[in-house]
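> Here is a sequence with its predicted model. Questions after.
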Amino acid sequence: MGFMNSINIVGSGLTAQQLRLDIVAENVTNSQTTRVENGEGAYRRKMVVFEAVSGRDSFRAALAQAANGLIPNTVQATPAAGGVRVTEIVEDESPMKLVYDPTHPDADEDGYVELPNVDMVKEMADAMAATRAYASNVTALNTLKSVISSGLEIGR
């Protein structure tokens with residue numbers, strides 16, 4: 001069932017972009033947080049790292065099975081469909097912003113407060129890119145549903 005692989009690919013994209021939007025929301029929410037839970041200074045911006053999941057091995061496996069007289073996509077072969085996965089969520093190592101405010105409770109002995117390295121322009125750009133990628137995956141899913149529906153109409 002090749003269309004199931006397509007659904008899995010689109011689903012992986014939807015899941016990955018949703019997580020990306022969640023991380024952007026966390027960054028925006030903590031854009032003024034000067035103290036984190038474990039006491040290691042200001043909040044650090046987080047980023048999502050994606051990795052492509054190659055579907056090439058599934059073709060190779062199907063070809064090898066066909067050469068050996070086996071039927072592809074049976075129990076013996078469970079090929080990976082491809083798609084994308086999140087490998088990790090990393091912290092942005094760019095420098096923190098320093099603002100002079102000696103009245104702030106988290107100010108150092110010189111009166112400077114360390115603010116998060118969250119740049120609202122970057123966050124909005126990331127949110128727009130993730131939203132567009134999510135919308136593209138929804139469009140692909142709707143197109144796939146239409147193709148499947150048209151295929152089922154042939155049998156009538």
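In hand now; what should we look at?

> which secondary structure element contains residue 31?
In this structure, residue 31 sits in neither a helix nor a strand according to DSSP states H and E.

> Please verify my assumption that it contacts residue 117.
No: applying Cβ atoms under 8 Å as the test, residue 31 and residue 117 come out as separate, 9.6 Å apart. Where you see a C-beta, it was placed from the backbone N, CA and C, and this is true even at glycine.

> part of a strand, is residue 89?
Yes: applying DSSP: H, G, I helix; E, B strand; the rest coil, one finds residue 89 inside a strand.

> what are the ranges of the helices in this protein?
Per DSSP state H, the chain carries helices over the ranges 2-29, 56-67, 120-154.

> Can you check which of the ones you listed gets nearest to residue 96?
Among these, helix 2-29 comes nearest to residue 96, with 13.6 Å by Cβ to Cβ.

> Give me the angle between the closest one and helix 120-154.
160 degrees (axes from the mean of the first three to the mean of the last three Cα atoms, to 10 degrees).

> tell me what helix 2-29 is packed against?
Counting contacts by 3 or more Cβ pairs under 8 Å, 6 or more residues apart in numbering; DSSP states H and E, helix 2-29 packs against strand 46-53, strand 83-91, helix 120-154.

> Need those in CSV (columns: mean neighbour count and distance to residue 15).
Converted to CSV, those look like this (neighbours: other Cβ atoms under 10 Å; distance: least, Cβ to Cβ, whole Å):
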stretch, mean neighbour count, distance to residue 15
strand 46-53, 14, 11
strand 83-91, 14, 8
helix 120-154, 13, 9
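
> burial measure for residue 102, as a count.
When neighbours are counted by other Cβ atoms under 10 Å, residue 102 registers 11.

> ok, the closest residue to it other than its chain neighbours - contacts?
Using Cβ to Cβ, 6 or more residues apart in numbering and skipping residues adjacent in sequence, the residue nearest residue 102 is residue 111, 3.4 Å away. By Cβ atoms under 8 Å, 6 or more residues apart in numbering, residue 111 lies in contact with 100, 101, 102.
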